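Asks: predicted structure and sequence below. I'll ask about it afterward.
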Amino acid sequence: MADFTHILASRPDFDDSDREWLHHLVADWQVIADLSFADLLLILQTGDGGYVVAEQCRPSTVMTLRTEDVVDNAVNDDMVAELDAAMLSDDIFRSTVLRSVGKSTVCNVYAPIHHNGKTLGLVVRETNMSTRESTGRYENESIKAGKQLFEMIPRGEFPYKDSVMNQRHIARVADGFIVLSVDGVVQYASPNAISCFRRLGSLVTMQGQYLSEVGTGLLHTNDSFPESLPLVLSGKAAIDSELEANRSVVSMRSLPLFDERGRTGAIVLCRDVTELRRREQELQTKDATISEIHHRVKNNLQAVSALLRLQARKTTSLEVKKGLEEAQRRVQTIAMVHEGLSQTADEIVDFDKVISNLLKMSVDLATMRDQHIHINYIGKFGMMPAQDATPLSLVLTELITNAVEHGFEGRKDGNITISVGRGGNNLNVVVEDDGSGLVMEEGRTMPRSAGSGLGTQIINTFVTNDFGGTVRWEARREGGTRVILDMKLRAAASESE
C-alpha cells in the first residue's frame, strides 16, 4: 500500500510547491475534523480519470466513520461524476445525495484545493447525519467554526501561509476553544477553555469580554510574557503562545477566520500545560544536577591522575615509578570512559568511538619515541551502557599496553588487530599482535610473564567475575600473540549498532 508521499510522487504534474502545500494541509487539518465532528478525506485524481484517497483524518471529538485505513483506495465509480463537478467548482461543492458508510448515513461536502492556478484535489468532509440530530450550544459553535475553516480551503486561506508555531505542546479542540469576534470579543468559550482560565486565576464571565483584557488582567505589573501573546489573545494572526499566571500555564493557539470580505474573527485553542511544564522543570533540574555530578567526578579523576603523575616524577625508584605510571594510566582510562558517558542523556555510549581514543592513548603512553604501533579494527562493539563500558575499557587497555610493552620491546613498528563479534549480549573479542610472542606456562592458558602481573589479574578478574567469560592466550602461527575473550554483557542492548 502506497503512503501519502508516494501517492504525491506519482503525480508528475505536481511541482515541489504543490506537494508542500498538500503536506501543509494534512499537517493542520485535524482541527477542522475535530471542530466539525467529521471525517476528512484528501482525494486526488489519477492518470486514468479515476480518483484515489491520498490521506484521511479521523476526528478525536466523535466516533469515526472509518475504523479501517482507506489511504491508496480507489474511489467508487459511482462517485466520479460528482467528484469531477467538485473539481471544477470555485467554491464549496455540496453533494445532493446521501451516502452510506457502514451503517451510517453520510453527507459529503467537497472543498477543492486551489494552488498556483490549478486544482490539486479535494478535501471531503464526511458528516455522520446522526451527530446532527441533537446538538447544544457547544456542538453548534464547534460545527460553525469548523465550517468556516473548511470554507477557507478553496480560497487558499487554509492552511495558513504565515503561521508561527513554537510551542511543543500544541493545544487541541478537545482541550478547549474560544470563539472571538473580529474585534477580539469572546462570543463563546467551551467549558474546558473556561477551566483553563479559572486555573490561571480568572473569575470573570468570559463571554462579552475582550480576551486580551481577560488575559492581560491576570498578569502583574512586572510579569514578563511572550511577544506573541497579544496576537493570540486578539486572534489577529495564526500564531501560538503561552500565558503564565497563578502558578499555572496555558498554551494557546490562534486560528483567524476569513470569508470573502476579510477577517471575521478567530478560534483560540487552549490547553492547560501546567503539569507538563512542572515535569519539564523537574527534568531540567535533574539534568543540571547530573551534569554537575559528572563535572565533579571528572575533575576528581583528573586530580587523582595528576597526583599520581607528580608522585611518579618525584620518585627515584624505577619500579615504583612504573607502578605509579600504570596506576595513572588506569585512572585516566576510567576518566575517559566517564567523559564519553557524560556526553549522553542516557547512560549509553558509542563504545567504538570511546575505545578508539582510549587505545590510541594507551599506545602513545606505552611506546618509545621511535616506535610506531598501528591498531586495526574488524567489526564493531556498538552502543554500550556504563556498567559494561568501564570494565571492558580497562580490559582492552591492559591487553594493548601488555602487547606494546612485552610484544614489541626493542622493535620500531608493529601491528595490533582487534576483531569484534557481537550477537545480542554475547561478545567475542580477539586481540592479536605480530610481536615477539610470549612463552606460555605449561598446562596454563596465560603467559608466564603475565601470570602474576597486576594487568593480567585485572583482565582475568573483570572477564570472569563481571562478564562471566573466559580468557585464552595463544601463540600465533605467523608470530606474536592472540588473546581470545568470550563474554556475556550484563546490561547491553540486544542489538549492536
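Replies: Nice, thanks for sending it over. Numbering: from 1, shown residues only.
Asks: check what pLDDT residue 273 gets.
Replies: Model confidence at residue 273, expressed as pLDDT, equals 94.
Asks: could you do residue 440 as well?
Replies: 51.
Asks: tell me where the stretch 251-400 of the chain has strands.
Replies: Remark: strands assigned in the stretch 251-400 of the chain by DSSP state E, counting those that start in this stretch are 262-272, 348-350, 372-378, 383-385.
Asks: got TSV for those, with mean neighbour count and distance to residue 43 too?
Replies: (Each C-beta comes from the backbone N, C-alpha and C, glycine too.) Shown next, in TSV, are the strands of the stretch 251-400 of the chain (neighbours: other Cβ atoms under 10 Å; distance: least, Cβ to Cβ, whole Å):
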stretch	mean neighbour count	distance to residue 43
strand 262-272	21	26
strand 348-350	20	45
strand 372-378	15	54
strand 383-385	22	44
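Asks: now distance to residue 81 too, for those, in JSON lines please.
Replies: JSON lines is the format used below for the strands of the stretch 251-400 of the chain (distance: least, Cβ to Cβ, whole Å):
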{"stretch": "strand 262-272", "distance to residue 81": "34"}
{"stretch": "strand 348-350", "distance to residue 81": "59"}
{"stretch": "strand 372-378", "distance to residue 81": "66"}
{"stretch": "strand 383-385", "distance to residue 81": "58"}
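Asks: who are the packing partners of the lengthiest helix in the chain?
Replies: Counting residues, the longest helix found in the chain (DSSP state H) is helix 274-314. Applying 3 or more Cβ pairs under 8 Å, 6 or more residues apart in numbering; DSSP states H and E, we find helix 274-314 packed against strand 248-259, helix 318-342.
Asks: may I ask which helix or strand encompasses the closest residue in space to residue 11 that isn't next to it in sequence?
Replies: In space, and not counting its chain neighbours, residue 11 is closest to residue 44: 6.7 Å by Cβ to Cβ, 6 or more residues apart in numbering. Using DSSP states H and E, the element containing residue 44 is strand 39-45.
Asks: residue 278: how many residues sit nearby?
Replies: Using other Cβ atoms under 10 Å, residue 278 is surrounded by 13 other residues.
Asks: and the one 4 residues further on, by the same measure?
Replies: Applying the criterion other Cβ under 10 Å, we find 10 residues in the vicinity of residue 282.
Asks: helix/strand/coil for residue 188?
Replies: Counting by DSSP: H, G, I helix; E, B strand; the rest coil, the backbone at residue 188 sits in strand.
Asks: any idea how far it lies from residue 196?
Replies: 14 Å (Cβ to Cβ, to the nearest Å).
Asks: again, but for residue 376
Replies: Counting by Cβ to Cβ, the gap from residue 376 to residue 196 is 62 Å.
Asks: same check on residue 78?
Replies: Note on residue 78: its distance to residue 196, by Cβ to Cβ, is 46 Å.
Asks: OK, contacts around residue 129?
Replies: Residue 129 is in contact with 98, 104-107, counting by Cβ atoms under 8 Å, 6 or more residues apart in numbering.
Asks: what bridges to residue 482?
Replies: As for beta bridges, residue 482 partners with residue 432, residue 474 under DSSP bridges.
Asks: what pLDDT does it get?
Replies: For residue 482, pLDDT reads 91.
Asks: before we move on, the earlier item: mean pLDDT lowest for which of the helices and strands packed on helix 274-314?
Replies: For these, mean pLDDT drops lowest on helix 318-342, to a mean of 77.
Asks: tell me what angle that helix forms with helix 274-314.
Replies: Per axes from the mean of the first three to the mean of the last three Cα atoms, to 10 degrees, the angle that helix 318-342 makes with helix 274-314 is 170 degrees.
Asks: and the closest residue to residue 384 other than its chain neighbours, how far is that from residue 460?
Replies: Nearest non-adjacent residue to residue 384, counting by Cβ to Cβ, 6+ apart: residue 351, 4.2 Å away. Taking Cβ to Cβ as the measure, residue 351 falls 21 Å from residue 460.
Asks: of the two, which one has the most company?
Replies: Comparing residue 351 with residue 460 by neighbour count (other Cβ under 10 Å), the higher total belongs to residue 351, at 26 against 17.
Asks: for the more buried one, which residues are in contact?
Replies: So, once contact is read as Cβ under 8 Å, 6+ apart, residue 351 ends up touching 381-384, 389, 392.
Asks: I'd like the residues you listed as a markdown table, with pLDDT and distance to residue 241 appended.
Replies: Below are these laid out as a markdown table (pLDDT from 0 to 100; distance: Cβ to Cβ, whole Å):
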| residue | pLDDT | distance to residue 241 |
| --- | --- | --- |
| 381 | 89 | 47 |
| 382 | 87 | 43 |
| 383 | 85 | 39 |
| 384 | 82 | 43 |
| 389 | 84 | 44 |
| 392 | 89 | 50 |
